[in-house]
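Engineer: Compute the structure for the input listed below.
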Amino acid sequence: MSAPTPESSPVDESSPSSPAVTVAPTTIVPRAATADSVHGEVHVIADREAYLEAVEAIAAGHGPVSIDAERASGYRYSQRAYLIQVFRRGSGVFLFDPPAIGSFDELQAVIGHEEWVLHAASQDLACLREVGLDPDLVFDTELGARLAGLPKVGLGAVVEQLLGVHLAKEHSAADWSTRPLPQSWLVYAALDVELLVDLRDAMAELLERDGKLDIARQEFAATVAREAKPAKAEPWRRLTGLHTVRGARSLAVARELWQARDDYARQVDTAAGRLVPDQSLVAATKAQPADKRALAGVKEFVGRASRSELDRWWAAIERGMATRDLPSSRGPAGDTLPPPRSWADKNPMADARLRHARPAVAEIAEGLDLPVENLLTPELLRRLCWEPPIPFDTETLAAALVELGARPWQVDAVAERLAEAFVDAHQEPESDPADAS
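Structural biologist: Here you go, the predicted structure:
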């Protein structure tokens with residue numbers, strides 16, 4: 001079941017560490033093990049029999065389960081996991097090939113109620129849930145690092161600071177849909193997940209020392225409970241450079257080109273920008289080609305599928321030119337707030353509340369040694385300031401914060417100060433428009 005250990009990784013002794021959590025650098029000795037390892041190599045588990053053997057081994061282990069997932073963002077259309085790594089003390093490291101294995105129901109039954117250790121859990125939970133892996137309880141070492149006030153929160157930096165180990169990150173942006181996966185990538189993936197349980201213990205000790213462990217637990221629970229954001233009503237408006245397109249008819253063409261590219265990207269499971277970049281779609285829209293030949297002549301219209309799928313793109317342009325369903329220039333109204341820079345004109349009292357609330361929240365965050373966005377997200381604070389409850393007292397604002405999604409520790413930290421800030425804002429003398437002239 002166990003593979004001989006790969007070569008150890010070098011330690012970079014020049015990297016700075018915070019004096020409060022400095023750990024003497026050591027050389028990592030990986031314990032990479034899988035249910036399918038031979039001749040000292042780390043192999044991916046890609047069949048049901050080996051997968052079920054691995055599940056039995058993980059069930060026989062003890063303590064938290066560390067999990068990581070590798071996607072092929074920037075290469076594939078989907079955000080599915082192309083490699084899932086699992087480590088448990090007493091079991092070893094297991095590297096699974098999700099497309100080959102399919103359902104992970106058996107693994108979920110074994111570990112579903114255990115604590116899962118992930119780094120930046122919000123990035124991996126969606127693709128893990130897609131294959132049936134869904135935790136009840138997580139410990140997020142990246143979020144923990146933010147709450148602990150560490151200067152850098154990437155996995156490599158946190159591992160080096162708390163464990164004294166240098167962890168190379170050269171394969172983090174690789175195309176993990178590649179088959180077969182190179183051996184160096186697999187060793188990298190095994191080391192990533194193997195260190196997470198040790199990192200979890202060191203992080204928990206640091207958070208408990210600073211009185212933040214309960215805060216962290218509330219944040220971890222919120223990460224698990226957070227629902228996926230609904231799809232945008234008009235995703236084509238995310239086209240880079242769309243702001244340079246003028247007129248409803250041109251916007252309709254851009255919309256049809258984006259939709260045609262998205263449909264094709266999904267069909268061939270390739271990142272849309274690798275087929276035809278955003279700037280090419282915008283260039284084709286603005287060129288207003290009279291026919292397919294003219295479209296082919298637009299020099300900015302590039303990309304691996306720009307000519308091979310020329311019929312597809314020209315058909316999209318024709319649909320855009322013919323449709324009577326013309327988009328508005330502003331996009332869907334939704335519930336998006338106006339940018340704060342416009343508040344002084346649109347809602348002067350909201351502007352005053354925000355001007356008083358921001359420094360109050362920043363001061364509290366500094367006192368807690370927390371990033372201000374982890375104390376209270378800018379979006380939550382803006383919504384509270386834009387349309388606050390009445391009256392401006394601690395209890396009323398606390399209830400509004402809870403409704404907006406704030407955790408109990410956040411409410412306890414900011415409700416009273418925000419009530420004071422709102423009262424101060426409303427006691428400001430109103431400016432006379434004549435004073436600005």
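Engineer: Could you pull out the strands in the protein for me?
Structural biologist: In the chain, the strands defined using DSSP state E lie at 62-70, 83-89, 92-96, 115-118, 137-140.
Engineer: For residue 256, give me its contacts.
Structural biologist: Remark: with contacts taken as C-beta atoms under 8 Å, 6 or more residues apart in numbering, residue 256 is in contact with 316, 317, 319, 320, 323. Bear in mind the C-beta positions are built from the backbone N, C-alpha and C, glycine included.
Engineer: Now, the residues you listed that are in helices?
Structural biologist: If you go by DSSP state H, these have 316, 317, 319, 320 in helices.
Engineer: ok, the first one to residue 255 distance?
Structural biologist: Look at residue 316 and residue 255: by C-beta to C-beta, to the nearest Å, they are 9 Å apart.
Engineer: How about residue 338?
Structural biologist: Residue 338 is 24 Å from residue 255, by C-beta to C-beta.
Engineer: Looking at the two now, which is surrounded by more residues?
Structural biologist: When neighbours are counted by other C-beta atoms under 10 Å, residue 338 and residue 255 differ, and residue 255 comes out ahead with 24 against 13.
Engineer: tally of neighbours for the residue nearest to that one when sequence neighbours are not counted?
Structural biologist: Setting aside the residues directly before and after it, residue 255 is nearest to residue 236 in space (C-beta to C-beta, 6 or more residues apart in numbering), at 4.7 Å. Residue 236: 19 surrounding residues under other C-beta under 10 Å.
Engineer: contacting residues for residue 236?
Structural biologist: 242, 254, 255, 258, 259, 262.
Engineer: Return the member of those residues nearest to residue 189.
Structural biologist: Checking the contacts of residue 236 against residue 189 by C-beta to C-beta gives residue 262 as the nearest, at 30.0 Å.
Engineer: Check the gap between the residue nearest to that closest one when sequence neighbours are not counted and residue 77 for me.
Structural biologist: Distance criterion C-beta to C-beta, 6+ apart; nearest residue to residue 262, sequence neighbours excluded, is residue 272 at 6.0 Å. To residue 77, residue 272 is 7 Å away according to C-beta to C-beta.
Engineer: shared neighbours of the two, anything?
Structural biologist: Joint contacts of residue 272 and residue 77 (C-beta under 8 Å, 6+ apart) are residue 265.
Engineer: circling back: and the furthest pair within the ones in helices among the contacts of residue 256?
Structural biologist: Spanning the widest gap among the ones in helices among the contacts of residue 256 are 317 and 319, at 7.3 Å by C-beta to C-beta.
Engineer: Look at the two and report which has more neighbours.
Structural biologist: For residue 317 versus residue 319, neighbours defined as other C-beta under 10 Å are more numerous around residue 317 (23 against 17).
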